[in-house]
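1. no FASTA, just this:
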């Protein structure tokens, strides 16, 4: 039998189990000049993911992120917590794996505090490189993070929380990436069950 300590599920925060984008959009709208167009969702497709953000918007975003309490008070993302519920039911060890903004040192502490308040049963790792962390499952919304992780964990299962910027994974084109949108919970549970019961390497 596999060591139960290897039944690890890695869980991203922003955009996955924390509704960062909703709050950021609201805060950016407050800083918008009346002559500027309304704030829209930051990423709506792959082209926007790969494009460089306008300098003035990037500066505003960093200003908002640096506000004391911003990270600690972000709301839960309902889809993400449905996944958390199923991970707990199966008995996965929850490990939050979140990227720490290099220019906002306070975010590292506030992300930890958010986890203590909302996921007291989870270990917490704030990192600069998610690809180096072990898990059977990675819950993440952001392709530039979960694809490098899969290169290191080819047997791993990514649960991609549905967002406009990852819609291409809705077709099932990548066998190890399952996009969860709330309508396909039966398949989510099947995928997680398979990952939990997958034989450990060498068995």
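-> Yep, it's here. Quantities reported herein were computed from a predicted structural model and do not represent experimental measurements.
2. remind me which residues of this structure are low pLDDT?
-> Where the chain drops to pLDDT under 70, the residues are 1-4, 41-52, 102-104, 202-203.
3. can you give me the strands for it?
-> Secondary structure of the chain (DSSP state E): strands located at 8-11, 93-99, 123-127, 137-139, 157-161, 177-180.
4. Show residues contacting the fifth one.
-> If I follow you right, that is strand 157-161. Contact with strand 157-161 is made by 12, 15-17, 77, 79-80, 83, 136-141, 143, 146, 149-150, 166, 169, 174, 176-180, 188, 191-192, 194-195, as judged by CB atoms under 8 Å, 6 or more residues apart in numbering. Just so you know, the C-beta spots here come from the backbone N, C-alpha and C atoms, and that holds for glycine as well.
5. Repeat that for the third one.
-> For strand 123-127, contacts defined as CB under 8 Å, 6+ apart pick out 93-100, 108, 111-112, 115-116, 133.
6. quick one, helices of the chain?
-> Using DSSP state H, the helices assigned to the chain run over residues 20-31, 46-50, 55-65, 78-90, 105-118, 143-152, 185-197.
7. so what are the domain limits for the protein?
-> Following automatic domain parsing, one gets these domains for the chain: 4-19+74-197, 21-65.
8. Which ChimeraX command selects the buried ones in the contacts of strand 123-127?
-> In ChimeraX, this line selects whichever of those come out buried by 16 or more other CB atoms under 10 Å:
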select :93,94,95,96,97,98,99,108,111,112,115,133
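9. Dump the contacts of strand 123-127 to CSV, plus distance to residue 30.
-> Putting the contacts of strand 123-127 into CSV (distance: CB to CB, whole Å) gives the following:
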residue, distance to residue 30
93, 40
94, 34
95, 35
96, 29
97, 31
98, 25
99, 25
100, 25
108, 25
111, 23
112, 27
115, 27
116, 28
133, 35
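10. Looking at the contacts of strand 123-127, spot the one nearest residue 71.
-> Nearest to residue 71 out of these is residue 111 (CB to CB; 5.4 Å).
11. Is that closest one in contact with residue 70, as I believe?
-> No. Residue 111 is not in contact with residue 70 according to CB atoms under 8 Å; the separation is 10.4 Å.
12. Could you dump the helices of the chain into JSON lines with distance to residue 161 added?
-> Listed next are those as JSON lines, based on distance: least, CB to CB, whole Å:
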{"stretch": "helix 20-31", "distance to residue 161": "11"}
{"stretch": "helix 46-50", "distance to residue 161": "15"}
{"stretch": "helix 55-65", "distance to residue 161": "20"}
{"stretch": "helix 78-90", "distance to residue 161": "5"}
{"stretch": "helix 105-118", "distance to residue 161": "16"}
{"stretch": "helix 143-152", "distance to residue 161": "10"}
{"stretch": "helix 185-197", "distance to residue 161": "11"}
